[in-house]
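Visitor: based on what follows, work out the 3D shape:
(4 chains)
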Number of protein chains: 2
Amino acid sequence: MAKYQEVIGWITERIDSGALAPGMKIPSENELCSQFRISRQTARHAIGRLEAKGILTSRRGSGTYVSDLHVQTTANRQKRIAVITTYVDGYIFPRMIQGIESKLNDYGYSMQIAFTNNTFERERSILEDILQHDDIAGMIVEPTKSALPNPNLDLYRELISRRIPMLFVNSYYPELNCPHVSMDDRKCAYRAVKMLTEHGHRKIGCILKLDDGQGHARYSGYLQAMKEAGNQIHDDWIVWLDTEDLAHMEENREKICRRLKECTGIFAYNDQVAVEVIRFLGEKGIRIPEQMSVVSMDDSDLAQMNGMGLDSVPHPKEKLGAKAAENLVHLIHNAQYGATHEFEEDITVRSSVSNITAGEQ
Amino acid sequence: MAKYQEVIGWITERIDSGALAPGMKIPSENELCSQFRISRQTARHAIGRLEAKGILTSRRGSGTYVSDLHVQTTANRQKRIAVITTYVDGYIFPRMIQGIESKLNDYGYSMQIAFTNNTFERERSILEDILQHDDIAGMIVEPTKSALPNPNLDLYRELISRRIPMLFVNSYYPELNCPHVSMDDRKCAYRAVKMLTEHGHRKIGCILKLDDGQGHARYSGYLQAMKEAGNQIHDDWIVWLDTEDLAHMEENREKICRRLKECTGIFAYNDQVAVEVIRFLGEKGIRIPEQMSVVSMDDSDLAQMNGMGLDSVPHPKEKLGAKAAENLVHLIHNAQYGATHEFEEDITVRSSVSNITAGEQ
DNA sequence: AATTATTTGTGCGTATGTATC
DNA sequence: AGATACATACGCACAAATAAT
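Guide: Now for the predicted structure:
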């Protein structure tokens, strides 16, 4: 290894470790000479290389300084934000993306986007691509299967170590300690289930998603509402589904119908689940809301489609996307900014919940 | 002026003038020494500066060469495609975008996206942003109001002069002579209207969009089908709407109902228009298809929503997006590639068209 | 306000190593 | 194998800008 490369290594290490902060003066050429026992030309060679890279700045008569990090980042990293979501087509996603893009645009940022289809493989290849180019100013990520151990945390950590501001939406990876913008899933679920208990329902089942963090948070809201109302909870009434189940709901048809047979009310993970369940019940001749009350979350288009009048807690969609974009921009300008925000929404009342009569209980 | 700067000036001038073309070898260090009567260190200093900038490349034992210009440009322009569409939320857009992203990803490209909301102002600021950064490998653009004179053609022409491969989707700007991937709007509209004529309809009205190129092409398909069936065409039966009208359909309610009063069939520009018109008719007690047959285009979710069984010519959505992405990638590798493709689709038959009885004619 | 020490910038000489042709 | 060309390294001298005295 060449001597000048040793010097380069020593300086870059000290910068990375923080011993040499941006703006600080590095040892003078002569000091490096005696320190490394090299000639001044060799020291100059090392400094020259780092100066060409933009890492150091020399001022004649004064010294050589570590470049201001801000100058470096704004030069390298353009005003482009990488957005990663699970899906784009349908449900709440287009409107959330619309909210992100629109607000980012207000702040002069452009948006680069990719979709994981809720698979770890795609998430990994997207992150690898971003790491390879390393030319973005920040990231907004909707987690993939956030309730399962994520095999791509190494890449997320690498991005964080490169000081790329990162903000999660809808859910978050608890291991990463990054800010997130989402619904307050626990509280919103609590309100949805409370809607049922206030209408006299005691036997309330729920269908949840097991691989998303939201599923766990919403479960906790369900438990709270049930406990508060003094309702008993049967494990049989709680159905856990994963992403793959949602794509093949027919397979779970019998299980769901059997498990919820005794219930008078159902809390569905989201509108997509609610619509399927209502269809299953309808095929068995069970009418909503007369024979079964249903509450759900997200208040998507589905909640009003096909004559559906589903009571659902609205996902803020554009509003959430815009808030995420806004907070990320703040985070870019101030790494200490408290960017986490959770929306508390009230359930939109339509016609999928009825009062329980005494006889039914 | 420093001696090494004179050398730098001499070399850069010879590169700019073309005397030193990319890939050519520059004089050796020793030759520069005698030529400028300088020491070898000074010559090395000059070469080192230019090497750091990426203008020269030294190869030990061989010589110093002018950097291949191609290497420079591909280093700048990463594998990122800029996508511009009018909207993202709802209708056919999410699925089209999904198709683009997925296929681009297969080819190793990432996607940067922005939405014009079908306004020239936003389109302009998006294009300005792209021009400023100049770091994309190609563009996929859904035109904004393609049937109206576009005030942003200067920016498109600037992008084209920078040899950025560009492909349009859904429609195109006729002034630009760029390839496009879209439906064959004329032929698809022809088939939709033919569906009505084959069911005996003679008095067929249509509601078209005047500011999109598709509106004009679909009108031409309508004319062809009507002419072929020997049907008379009344100007009164043809209603032209623009983007702003679509956002305030109520304002056009009376006009539409009056104009189409005598018709037995309607060809709607797309499902969004069809749904509104069917709602207007329903409010006047006119039943579909008994009293009025309706055909439409795009076959979006709307065509099956709310008990609708709309006969509609399907927009290829994902398929179209994927084809656009694929053809753009071909265009990037071969500027002469014939990237234009028009999909011919057959109408999806549901239940919004009925046979005309002799008495009704 | 002038002086002085420090620090980087420019320039030259020499020597040895190593890859290429 | 030898000539050529770049890579690394040390030595010195002086200029120009800066900072401290």
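Visitor: what secondary structure does the residue of the stretch 51-200 of chain A found nearest DNA strand C sit in?
Guide: Closest approach between the stretch 51-200 of chain A and DNA strand C, counting by Cβ to the nearest atom of the strand: residue A:58, at 3.4 Å. From N, CA and C alone the C-beta is placed, and that goes for glycine too. What DSSP: H, G, I helix; E, B strand; the rest coil gives for residue A:58 is strand.
Visitor: for it, give its distance to chain B.
Guide: 14 Å (Cβ to the nearest Cβ, to the nearest Å).
Visitor: swap in residue A:305?
Guide: 5 Å.
Visitor: that residue belongs to a strand?
Guide: No - looking at residue A:305 with three-state DSSP, it is helix, so not inside a strand.
Visitor: any idea how far residue B:266 is from it?
Guide: Separation of residue A:305 from residue B:266 (Cβ to Cβ, to the nearest Å): 23 Å.
Visitor: show me which of the two is the more surrounded one.
Guide: residue B:266 (28 against 17; other Cβ atoms under 10 Å in any protein chain shown).
Visitor: distance of that one from residue B:253?
Guide: Counting by Cβ to Cβ, the gap from residue B:266 to residue B:253 is 14 Å.
Visitor: same question, residue A:140
Guide: 41 Å.
Visitor: pretty sure residue A:266 is in a helix, no?
Guide: No - using three-state DSSP, the assignment for residue A:266 is strand, not a helix.
Visitor: which residues touch it?
Guide: Residues in contact with residue A:266 (Cβ atoms under 8 Å, 6 or more residues apart in numbering or on different chains) are A:204-207, A:260, A:274, A:277, A:292-295.
Visitor: mind telling me what element the residue of the stretch 201-350 of chain A at minimum distance from DNA strand C is part of?
Guide: Nearest residue of the stretch 201-350 of chain A to DNA strand C (Cβ to the nearest atom of the strand) works out as residue A:335 at 29.5 Å. Under the criterion of DSSP states H and E, residue A:335 resides outside all helices and strands.
Visitor: what's the local residue count around it?
Guide: For residue A:335, which is what you asked about, the neighbour count (other Cβ under 10 Å) is 9.
Visitor: pretty sure it sits against residue A:165.
Guide: Yes - if you go by Cβ atoms under 8 Å, residue A:335 and residue A:165 touch, sitting 6.8 Å apart.
Visitor: which residue sits closest to residue A:26, ignoring its sequence neighbours?
Guide: Spatially, and ignoring its direct neighbours in sequence, residue A:26 is nearest to residue A:64 (5.1 Å; Cβ to Cβ, 6 or more residues apart in numbering or on different chains).
Visitor: same for the host helix or strand of that neighbour, what does it pack against?
Guide: Assessed by DSSP H and E, residue A:64 sits inside strand A:63-66. Applying 3 or more Cβ pairs under 8 Å, 6 or more residues apart in numbering or on different chains; DSSP states H and E, one finds that strand A:63-66 contacts strand A:56-59.
Visitor: ok, residues contacting the strand it packs on?
Guide: So strand A:56-59 is contacted by A:11, A:26, A:47, A:50-51, A:64-67 (Cβ under 8 Å, 6+ apart).
Visitor: swap in stretch A:163-182?
Guide: Residues contacting stretch A:163-182 (Cβ under 8 Å, 6+ apart): A:73, A:77, A:85, A:96, A:136-143, A:146-147, A:150, A:153, A:156-157, A:159-160, A:183, A:185, A:212-214, A:320-321, A:323-324, A:327-328, A:331-332, A:335, A:338-343.
Visitor: among the residues you listed, name the buried ones.
Guide: A:77, A:85, A:96, A:136-143, A:146-147, A:150, A:156, A:159-160, A:183, A:185, A:212-214, A:320-321, A:323-324, A:327-328, A:331-332, A:339, A:341, A:343 (16 or more other Cβ atoms under 10 Å in any protein chain shown).
Visitor: show me those that map onto helices.
Guide: Judged by DSSP state H, the buried ones among the contacts of stretch A:163-182 include A:96, A:156, A:159-160, A:185, A:213-214, A:320-321, A:323-324, A:327-328, A:331-332 as members of helices.
Visitor: nearest to residue A:229 among the residues you listed?
Guide: residue A:185 (19.4 Å; Cβ to Cβ).
Visitor: got the contact list for the residue sitting furthest away from the middle of chain A?
Guide: Outermost residue of chain A with respect to the C-alpha centroid, by Cα atoms, centre = their mean, is residue A:39; its distance is 52.9 Å. Taking Cβ under 8 Å, 6+ apart, we find residue A:39 in contact with residue A:33.
Visitor: number of nearby residues for whatever residue of the stretch 1-150 of chain A ends up closest to DNA strand D?
Guide: Relative to DNA strand D, the nearest point of the stretch 1-150 of chain A is residue A:61 (2.2 Å; Cβ to the nearest atom of the strand). Counted with other Cβ under 10 Å, the neighbours of residue A:61 add up to 4.
Visitor: how close does it sit to chain B?
Guide: Counting by Cβ to the nearest Cβ - residue A:61 and chain B are separated by 17 Å.
Visitor: Three-state assignment for that residue, please.
Guide: Once three-state DSSP is applied, residue A:61 turns out coil.
Visitor: so what pLDDT did it get?
Guide: We note a pLDDT of 86 for residue A:61 in this prediction.
Visitor: mind listing which of the contacts of residue A:266 are in helices?
Guide: Applying DSSP H to the contacts of residue A:266, the entries found in helices are A:274, A:277.
Visitor: could you pull out the strands for chain A?
Guide: A:56-59, A:63-66, A:80-85, A:110-115, A:138-141, A:166-169, A:180-183, A:204-209, A:238-241, A:265-268, A:293-298, A:311-314, A:341-343 (DSSP state E).
Visitor: list the buried residues in the first one.
Guide: Taking 16+ other Cβ under 10 Å as the neighbour-count basis, strand A:56-59 is seen to contain the buried residues residue A:56.
Visitor: what about it, near DNA strand D?
Guide: Yes - using Cβ under 7 Å from any atom of the strand, strand A:56-59 reaches DNA strand D at residue A:59.
Visitor: would you map out the domains in chain A?
Guide: A:3-73, A:78-183+A:317-343, A:185-314 (automatic domain parsing).
Visitor: and residue B:353, which of those domains is closest to it?
Guide: Here domain A:185-314 is closest among those (Cβ to Cβ), at 21.5 Å.
Visitor: how distant is that closest one from the center of its chain?
Guide: 23 Å (Cα atoms, centre = their mean, to the nearest Å).
Visitor: quote the end-to-end distance of it.
Guide: Domain A:185-314 has an end-to-end distance of 11 Å (Cα to Cα, to the nearest Å).
Visitor: got it, and stretch A:282-299?
Guide: 21 Å.
Visitor: and that stretch, anywhere near chain B?
Guide: No - Stretch A:282-299 does not reach chain B (Cβ under 8 Å from any Cβ of the partner chain); its nearest approach is 14.3 Å.
Visitor: those residues of chain A touching DNA strand C, which are they?
Guide: A:26, A:28-31, A:41, A:44, A:47, A:58-64.
Visitor: from those, list the buried ones, please.
Guide: Buried subset of the residues of chain A next to DNA strand C (neighbour count, 16+ other Cβ under 10 Å): A:26, A:29, A:44, A:47, A:64.
Visitor: does the first one touch residue A:55 like I think?
Guide: No - because the distance of 10.1 Å does not satisfy Cβ under 8 Å, residue A:26 is recorded as not touching residue A:55.
Visitor: identify the contacts common to these two.
Guide: A:11, A:66.
Visitor: re the thing from before, which of the strands of chain A is buried the deepest?
Guide: Most buried of the strands of chain A, by mean neighbour count (mean count of other Cβ atoms under 10 Å in any protein chain shown): strand A:265-268, with a mean of 28.
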